[in-house]
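[1] could you look at this predicted model? Sequence included:
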Amino acid sequence: MADDSPIASPATPGIRLRDTAKSYGDTGSTVAALAPTSLDVRQGELLVLLGPSGCGKTTLLRMIGGLIAPSAGRIEIRGHPLWTKRGRNQEAVRELGIVFQEPNLFPWLTVEANVALPLEIQGVSRAARLARARELLRLVGLAGFEARRPRELSGGMRQRAAIARALAGNPHILLLDEPFGALDALTREQMNIELQRIWMATRQTVVLVTHSITEAVFLADRVVLLSPRPGRIDNIIDVGFGRPRTAELEASAEFQSIVLRLRQRLGAVA
Amino acid sequence: MTPGQSARANRLPWITTPLLILALLLAWQAYVRLSGISGFVLPTPAEVWDAYRDELGKLTLWRHTAATLYETVAGFVWATVVGLGLGVVIGRWRWLETTLNPFIVATQVVPKVALVPLFVVWFGFGPVSKVLLAATLAFFPILTNTVLGVKSVDLGHRDVMVALNASRWKVFTRLELPSALPYLLTGMEVGVVLAIIGAVVGEYLGGNSGLGYLLIAKMNAYETDALFAVIIHLTLIGFAFYWLMGSLRRLLIPWHESVLIDRTRP
């Protein structure tokens, strides 16, 4: 990714959390979803948030994405505070692309119009945004499906289109919230390999939420293990395998030992 | 189902439906002939057909048809414009719905036909009072369906727009309106039929034009066969509106389940 923003030197973290916390409910009877959390996500890093349900991983991701406001603490996106006194900071939001659990494609738009939606909202001309959409559809392996409607695609293809849409605005940071959770195991493995390929082509800062340990170890530069009630960081594990990682890697003893370590840790915290 | 079977299932209604109509007409004809019932009470289908052909040749029928069509369409358009506009506003702001709800329910539960004398007092026996009745009847389903449509916008879709930092206007035009469109069209489908009813009932009660007026005139003249003819005429108009709304649906929301299901159904 070209670094065109003067404020973000390579040393600036892609995402910086400082005592970021989230609690729900009225004063007096609040439920803490996420305890005060501090974390730096390096630029160009693929970071995975792993944890059992109720550990606040989706809450954390939605806060980083600016969809919900933290109850306390700071969030910075490439040096820009995400929230200011006047609400969400446009400059920070522009750096973000989000892929949700569901593809959330608009059924009335063609696949290419869905992918071009972020650019349409930014006011990019029709020709330019459709050219970009086609380029992205090639990147995610959906060339030839431009004029189809989302319902004509399989689950995996829809999620590919959703990834293409998240990339359309050329964000520096890509956030993925259990993007392959609804897919069958086989498709899911393929999508992990695809995601790695796309990430190696774009080298964005990526934060991915999952509850699959193998998915986490396969994709991550670092795995952040979260523990529940309230959500907090339990452990951060470096995963040093070279890339591109292949399906064979998953069978290796080294891979399995990291998986086992995480599984034991998860068993202890869940 | 094999392709051969489904093709047969597709063709089947083109044979069975006319056959059924023919059987019903024959039974009707036979009943009148055998029972010796008076033509003033129940004419034969053949007599009705003659009367209808007769009416179709007269300018009067077309003049009355034009009046009813005008009242129906004008009332329907007003109901759609006001229902859509108000529906979008109410669906968007919850407090407005809470505030206006008693009034909306009141307009729903009042027997709208009871308003006709009032409309006549205010607007006379001309077309305005009929347009108003047609609009009043068609308004409610259009309003409630629009409100429902705006409220049923998928939360995941909303997240997408929030994440994209879309302006209020973009959210409305790119998300809320297309999401609500199938609901609006459902409301319009119900509404257009009610608009016809409004126009015809309005014509019963005042004035000297429209198919409702013609029905009353035929009744008073004991021309039962012509009365049947006008009913058939109105039914055909109803079919035409129904078909138009279906076409509008296929044109505007070809992506929606309601259209796709119809396309694949035998």
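    Good, I have the coordinates. Numbering: from 1, shown residues only, chains lettered A, B, ... in the order given.

[2] which parts of the stretch 151-270 of chain A are helices?
    For the stretch 151-270 of chain A, applying DSSP state H, counting those that start in this stretch gives helices covering A:155-168, A:185-202, A:213-219, A:253-269.

[3] what packs against the second one?
    Packed against helix A:185-202, as judged by 3 or more C-beta pairs under 8 Å, 6 or more residues apart in numbering or on different chains; DSSP states H and E, are the following elements: helix A:155-168, strand A:173-177, helix A:213-219. (C-beta placed from N, C-alpha, C; glycine too.)

[4] what's the helix or strand for the residue in the stretch 101-250 of chain B that chain A sits nearest to?
    Across the stretch 101-250 of chain B, the shortest distance to chain A (C-beta to the nearest C-beta) belongs to residue B:156, at 4.0 Å. Residue B:156 is part of helix B:155-163 when elements are defined by DSSP states H and E.

[5] tell me which of the helices of the stretch 151-270 of chain A sits most buried.
    Per residue and on average, the most neighbours among those fall to helix A:155-168, with a mean of 24 (mean count of other C-beta atoms under 10 Å in any protein chain shown).

[6] for the helix holding residue B:156, name the packing helices and strands.
    strand A:96-99.

[7] again, 6 Å this time
    Contacting helix B:155-163 under the criterion 3 or more C-beta pairs under 6 Å, 6 or more residues apart in numbering or on different chains; DSSP states H and E is no other helix or strand.

[8] and residue 145, how many neighbours?
    Reading this off chain A. 19 (other C-beta atoms under 10 Å in any protein chain shown).

[9] wait, chain B
    If we define neighbours as other C-beta under 10 Å, then residue B:145 has 24 of them.

[10] could you list every residue that touches it?
    Going by C-beta atoms under 6 Å, 6 or more residues apart in numbering or on different chains, residue B:145 touches B:183, B:186, B:187.

[11] what residues are up against residue A:255?
    Contact partners of residue A:255, counting by C-beta under 6 Å, 6+ apart, are residue A:249.

[12] next one: it from chain B, what distance?
    To chain B, residue A:255 is 33 Å away according to C-beta to the nearest C-beta, to the nearest Å.

[13] any idea how far that residue lies from residue A:223?
    To residue A:223, residue A:255 is 12 Å away according to C-beta to C-beta, to the nearest Å.

[14] same deal with residue B:197?
    66 Å.

[15] those two: which is more packed in?
    The neighbour count for residue B:197 versus residue A:223, taken as other C-beta under 10 Å, is higher for residue A:223 (23 against 19).

[16] give me the neighbour count for residue B:107.
    15.

[17] quick one: the helix or strand containing it to chain centroid distance?
    Element membership for residue B:107 (DSSP H and E) is helix B:94-109. Distance, stretch centre to chain centre, for helix B:94-109: 24 Å (C-alpha atoms, centre = their mean, to the nearest Å).

[18] run through the chain and note the low-pLDDT ranges.
    I went with chain A, as the question did not name one. Within chain A, the stretches with pLDDT under 70 are A:1-10, A:27-28, A:269-270.

[19] you looked at the wrong chain, it should be chain B
    Ranges of chain B meeting pLDDT under 70: B:1-9, B:262-266.

[20] same thing but at 50, please
    B:1, B:266 (pLDDT under 50).

[21] contact residues of it facing chain A?
    B:156, B:157, B:160, B:162, B:163, B:164, B:165, B:166, B:170, B:178, B:255 (C-beta under 6 Å from any C-beta of the partner chain).

[22] for chain B, what's its nearest residue on chain A.
    Closest point on chain A to chain B, by C-beta to the nearest C-beta, is residue A:104, at 4.0 Å.
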